[in-house]
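>>> Output the structure for:
(chains A and B)
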Amino acid sequence: MYRYLVNRILLVFPTLFGAAALVFALMRLIPGDVCLVRLGSGGTSFSEQALQACHAELGIDRPWLVQFGQFLWGMLHFDFGISMWSGKPVVDEIASRFPISLEVALIATAIAVVLAIPLGTISALKQNTWIDLLVRTVSIAGIATPSFWIGIMAILIVLDLTQWIGGHPWMPPIDYVSLWKDPIRNLSIVALPALTVGYRYSAVSMRMTRSAMLEVLREDYIRTARAKGLLEKIIINRHALKNALLPVITVVGLEFAFLIGGLVVTEQVFNLNGIGRLMVLSVQNQDYTLTQALVMVVVTIAILANLVVDLLYAWLDPRIRLK
Amino acid sequence: MPLLDVKNLHTEFRTGVGVVHAVDGISYTVEPGETVAIVGESGSGKSVGALSLLRLIPDPPGRITGGEVWFGGRNLLRLSDAEMREVRGGEIGMVFQEPMTSLNPVLTIGRQITETLERHRGADRAECERRAAELLGLVGIADAPRRLKQYPHHLSGGMRQRVMIAIALACDPKLIIADEPTTALDVTIQAQILELMQRLTRQLGVALIIITHNLGVVARYADRVNVMYAGRIVESGRAAAIYHEPRHPYTMALLRSVPRLDRPRQARLDPIEGQPPDLTRLDDGCAFRSRCRFAVERCASSRPPLATVSADGQRAACWRSDALASAGRAA
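As a prediction, the model looks like this:
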């Protein structure tokens, strides 16, 4: 177990290095650069000298290898430099957006897990009954419907509902406050996007739970458990679920990593200043430093999520602990 | 009074191609402490018949459609689900064919033994663990305290089957049903497991139903035998009698298809020609007739009943069992 853990953790470093090299190269393969965007954005003409001065100022006239070295060296002591677009420290740019993305991701995950595991289990146990059909229909709708549409519908429903109940429409506040400062205001901002994302997320995990459960219920050891005269409740919770959860955890882990940087459209619909929108903006502006830092943050989260998945695996399945 | 009295049991499977009559009216008894073998080839309904006793047939697609299973003065087929759970693992233990997959990979050996005890004895944790260690000793697993903390993948196939036997024995059942308990094991281990089951069931006075396709097992370990073909019992009687004087052509063919050490090495095996019948469309005749070298016209028109053919209670379902008596001796 100890060696397994150490191996997993040591593997983090080459992965991070690979991601760093990839994003560094890809950004620079896009035609143009941040100075062209900056100087030319107003449609005005600019001199070659101004462009060169800008390049020199940002340090992107130096050889790639030197720039890459600086990027890596900076990362080693958590110095991501300043944003090439806004001129503010990259760390500040990310720090102001990260909490909201993390919060949405965490709440959505909680919603997904709380919905998916019981519903998936019931659906499998009552295979081909109306309950199963209902759960599957709702979940396939969640997968098939684009989340921005669900988001817009959610806002409209809240507007109409509050109008109908209270007499005048209510909209979630727009300006973000942290959970610690004003929990109610914070949650009323985050609730709708988290629900919207959590619905789709739970649909994916629910289908996984259902199919894993169906498979496990056919296993010989479930028949053994029945032959022991155990209560159905114990057969499901102790014998079936522990085995069926393994693939579900993988899906949940992968989805979580996606939620941190991938909610571009949902953030747009709910007007949230999250990591996803910042990433799109920074790539548009060809803001090398900010994009690189953002990608590294998302990659780190993905790696951590995978690490947690692996640890849960080892905890659930003794056969993995051995290796 | 017999310990177990199965009367005219029917189990069906509804499939895409029709209704499979996997068990088509079988009747037999098991006396207390006795070992009864149920023999047949794959698809003869022997496993389904055994699982039906504990109502462990997955429904759908399977269903017990008729008959009675009398055990301890009650018809098991009429019990409520809650009452049935008391019988399973409590009064009747079960050992399955696949020791590799019949134990839960994510639970310790100890847990899988103690949960049965907790369920049926309501004993506390410490008491259950003491008993679990005792059971492991009983089935010949040394170093019980360490083994109880291990998981199935730490154990060999033979060891796992010993654990399955320990689980089956945990609550002092009156009957154990063993469904092909040694088929998945190495030949050397097979004998060990069978010896162990024989010794323990004798020692503890537990009756044993052993389901097998291996006639060697029957000859050596069973008191009585039921031979199954196409969902029905075609011959039954004392093991020695059936082994030496089979009165049904199927039993006879089975015996000839097994290599034997008491015959010359050059003697060719005599496999049973043809395929078992399609269980979705059985007619009124004898199901074995198309593969039978003794078949006569009558076999096609009406099915022979299981009739007593000898003074010691041997029974066979064949119109020509009298003719076979002499033929068997000649072979």
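>>> Need the pLDDT of the closest residue to B:Glu86 other than its chain neighbours.
Spatially, and ignoring its direct neighbours in sequence, B:Glu86 is nearest to A:Gly229 (6.3 Å; C-beta to C-beta, 6 or more residues apart in numbering or on different chains). All C-beta atoms are positioned from the backbone trio N, CA, C, and that covers glycine. In this model, A:Gly229 is scored at 87, pLDDT.
>>> Next up, the contacts around A:Gly229.
Residues counted as contacts of A:Gly229 (C-beta atoms under 8 Å, 6 or more residues apart in numbering or on different chains) are B:84-90, B:116, B:119-120.
>>> Is there a quick PyMOL command that grabs whichever of those are buried?
Buried members of these can be picked out in PyMOL with the line below, counting by 16 or more other C-beta atoms under 10 Å in any protein chain shown:
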select buried, chain B and resi 84+85+87+88+89+90+116+119+120
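>>> State the distance from B:Ala323 to chain A.
The gap separating B:Ala323 from chain A is 43 Å, by C-beta to the nearest C-beta, to the nearest Å.
>>> Figure out the helix or strand that that residue lives in.
helix B:321-330 (DSSP states H and E).
>>> Can you name the residues of chain B that neighbour chain A?
Counting by C-beta under 8 Å from any C-beta of the partner chain, the positions of chain B adjacent to chain A are B:54, B:56, B:84-90, B:93-94, B:96, B:98, B:101-107, B:115-116, B:119-120, B:151, B:153, B:164, B:167.
>>> Which members of these are positioned in strands?
Among the residues of chain B next to chain A, the members falling in strands (DSSP state E) are B:93-94.
>>> Which of the residues of chain B next to chain A fall in helices?
Of the positions in these, B:84-87, B:101-102, B:115-116, B:119-120, B:164, B:167 sit in helices, assigned by DSSP state H.
>>> Stretch B:2-13: which residues count as buried?
Residues of stretch B:2-13 classed as buried by neighbour count (16+ other C-beta under 10 Å): B:3-4, B:6-7, B:9-13.
>>> Out of the residues you listed, flag the one nearest to A:Thr137.
B:Phe13 (29.6 Å; C-beta to C-beta).
>>> thought the closest one was touching B:Pro61?
Yes: contact status for B:Phe13 versus B:Pro61: in contact at 5.0 Å, counting by C-beta atoms under 8 Å.
>>> Up against chain B, what does chain A have?
A:219-221, A:223-231, A:234, A:238-239, A:242-243, A:316-319, A:322.
>>> Just the buried ones from those residues, in PyMOL syntax?
Those of the residues of chain A next to chain B that count as buried under 16+ other C-beta under 10 Å are selected in PyMOL with:
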select buried, chain A and resi 219+220+221+223+224+225+226+227+228+229+230+238+239+242+243+316+317+318
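>>> Mind checking which of the residues of chain A next to chain B land in helices?
A:220-221, A:223-227, A:234, A:242-243, A:316, A:318-319, A:322.
>>> So among the residues you listed, where is pLDDT lowest?
A:Leu322 (56).
>>> Low-confidence ranges, the stretch 51-200 of chain B, go.
Judged against pLDDT under 70, the stretch 51-200 of chain B has no low-scoring part.
>>> buried set for whichever strand or helix holds A:Met153?
Remark: A:Met153 resides in helix A:147-166, with elements defined by DSSP H and E. For helix A:147-166, a neighbour-count test (16+ other C-beta under 10 Å) marks A:147, A:150-151, A:154-155, A:158 as buried.
>>> before we move on, what about stretch B:285-293?
Applying 16+ other C-beta under 10 Å to stretch B:285-293 flags B:285-289, B:291-292 as buried.
>>> Out of those residues, which two are the most distant from each other?
Across those (C-beta to C-beta), the longest gap, 12.6 Å, separates B:Gly285 and B:Arg291.
>>> Check the gap between A:Thr121 and chain B for me.
Distance, A:Thr121 to chain B, using C-beta to the nearest C-beta: 16 Å.
>>> so which helix or strand takes in the residue nearest to A:Ile111 when sequence neighbours are not counted?
Of all residues not flanking A:Ile111 in the chain, A:Gly198 sits nearest, at 3.2 Å (C-beta to C-beta, 6+ apart). Applying DSSP H and E as the criterion places A:Gly198 in helix A:183-217.
>>> neighbours around the residue nearest to A:Asp310 when sequence neighbours are not counted, how many?
Excluding the flanking residues, the one nearest A:Asp310 by C-beta to C-beta, 6+ apart is A:Arg8, at 5.7 Å. Summarising burial for A:Arg8: neighbours were counted as other C-beta atoms under 10 Å in any protein chain shown, giving 15.
>>> the domain parsing of chain A - what is it?
Chain A breaks down by automatic domain parsing into domains covering A:16-76, A:97-322.
>>> what does chain B give?
Taken from automatic domain parsing, chain B resolves into B:4-91+B:171-330, B:103-170.
>>> I'd like the distance between the residue minimising distance to the centre of chain B and chain A.
Central residue of chain B (C-alpha atoms, centre = their mean): B:Ile211, 2.1 Å from the mean position. Per C-beta to the nearest C-beta, B:Ile211 is found 14 Å from chain A.
>>> From the contact counts, what lies against the helix or strand that contains that residue?
Per DSSP H and E, B:Ile211 falls inside strand B:207-212. If contacts are counted by 3 or more C-beta pairs under 8 Å, 6 or more residues apart in numbering or on different chains; DSSP states H and E, strand B:207-212 sits against strand B:35-39, helix B:46-53, strand B:175-179, helix B:187-204, helix B:215-221.
>>> Tell me which of the ones you listed sits nearest to A:Thr121.
Here helix B:46-53 is closest among these (C-beta to C-beta), at 24.7 Å.
>>> So which other helices or strands are in contact with the closest one?
Checking 3+ C-beta pairs under 8 Å, 6+ apart, helix B:46-53 ends up next to strand B:4-15, strand B:18-30, strand B:35-39, strand B:62-71, strand B:175-179, strand B:207-212.
>>> Now do the third one: distance to the chain's middle.
Its chain's average C-alpha position is 6 Å from that of strand B:35-39, according to C-alpha atoms, centre = their mean, to the nearest Å.
>>> so what strands line up beside that strand?
Paired neighbours of strand B:35-39 in the sheet (DSSP bridges): strand B:207-212 (parallel), strand B:224-229 (parallel).
>>> So A:Leu278 versus A:Gln67, what's the distance?
Using C-beta to C-beta, to the nearest Å, A:Leu278 is found at 22 Å from A:Gln67.
>>> Which one's more surrounded, those two?
Neighbour count, other C-beta under 10 Å: between A:Leu278 and A:Gln67, A:Leu278 has more, with 24 against 17.
>>> list the buried ones in the strand or helix carrying that one?
The secondary structure element spanning A:Leu278 is helix A:275-284 (assigned by DSSP H and E). Residues of helix A:275-284 classed as buried by neighbour count (16+ other C-beta under 10 Å): A:275-283.
>>> Please apply the same query to stretch B:120-131.
Neighbour-count burial for stretch B:120-131 [16+ other C-beta under 10 Å]: B:120-121, B:128-129, B:131.
>>> same deal with stretch A:106-118?
A:107-109, A:111-113, A:115-117.
>>> can you list the residues that contact it?
Here stretch A:106-118 makes contact (C-beta under 8 Å, 6+ apart) with A:190-191, A:193-195, A:197-199, A:201-206, A:208-209, A:241, A:245, A:248, A:252, A:255-256, A:259.
>>> Go again with 7 Å.
Contacts with stretch A:106-118, where a contact means C-beta atoms under 7 Å, 6 or more residues apart in numbering or on different chains, come from A:190, A:194-195, A:197-198, A:201-202, A:205-206, A:209, A:248, A:252, A:256, A:259.
>>> re earlier: so what's the residue nearest to A:Ile111 up against?
Residues near A:Gly198 by C-beta under 7 Å, 6+ apart: A:107-108, A:111-112.
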